[in-house]
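**Q** My questions concern the predicted model and sequence given below.
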Amino acid sequence: MWMGRDARNHECIKRFCDNYKQNKEIGQVYYMRHLKDALHSARDKVLYVFYDFGSTQNTEYTDDAKLHVPNLVCLQQFCSRCEGDEDGVDCVRCDRREHSLWEDPVGDLLSYLTEPRPWANKIVAIAQIA
């Protein structure tokens, strides 16, 4: 007898979809649910980070395409305390609002986004072009 996590709702030739929380036919193409359109609550302390990668295209990938290799990431950030301030002014809470990362742009961005920030309980990162 099969005793997986959804054994009570098991249906043959179907698998349980974690996104839809229901059984779906194997091989069926379907779209993911839309994200909830909800604002953050007033209790949330959010840091918003907008970033953009610069890249070189010097490496041949195929005859018709070149490999994009990130060599720079620029980011701007704001929190609820400084969101209305003029650009370029550092914030007393989230510190410098503009950064340029050169050494390892992807790794440095990920490290920056995962730094401990006791004053923030959420970080929203938004790419300029994704």
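**A** The structure has been received and is ready for your questions. Numbering: from 1, shown residues only.

**Q** could you pull out the strands for the protein?
**A** 14-17, 22-25, 46-60, 66-79, 98-101, 122-127 (DSSP state E).

**Q** Among the ones you listed, show me which one is buried the most.
**A** strand 66-79 (a mean of 16; mean count of other CB atoms under 10 Å). For every residue, glycine as well, the C-beta is placed using N, CA and C.

**Q** Any chance you could list what contacts that strand?
**A** With CB atoms under 8 Å, 6 or more residues apart in numbering as the test, strand 66-79 has contacts from 45-61, 85, 87, 91, 93-94, 97-102, 105-106, 108-109, 112, 119-120.

**Q** quick one: that strand to strand 46-60, angle?
**A** The directions of strand 66-79 and strand 46-60 differ by 170 degrees, with axes from the mean of the first three to the mean of the last three CA atoms, to 10 degrees as the criterion.

**Q** Parallel or antiparallel, which strands does strand 66-79 pair with?
**A** According to DSSP bridges, strand 66-79 forms sheet pairs with strand 46-60 (antiparallel), strand 98-101 (antiparallel).

**Q** how about the CA coordinates for that strand, as CSV?
**A** Extracted C-alpha coordinates of strand 66-79, given in CSV (Å, rounded to 0.1, in the frame of the first residue of the first chain):
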residue,chain,number,x,y,z
LYS,A,66,27.7,35.4,-27.6
LEU,A,67,27.8,34.6,-23.9
HIS,A,68,26.8,37.4,-21.5
VAL,A,69,29.3,37.4,-18.6
PRO,A,70,28.3,39.7,-15.7
ASN,A,71,31.1,42.0,-14.8
LEU,A,72,29.2,44.6,-12.7
VAL,A,73,26.0,44.9,-10.6
CYS,A,74,24.7,48.3,-9.6
LEU,A,75,22.0,48.5,-6.9
GLN,A,76,19.9,51.1,-5.2
GLN,A,77,17.9,50.5,-2.1
PHE,A,78,15.5,52.1,0.3
CYS,A,79,13.6,51.3,3.4
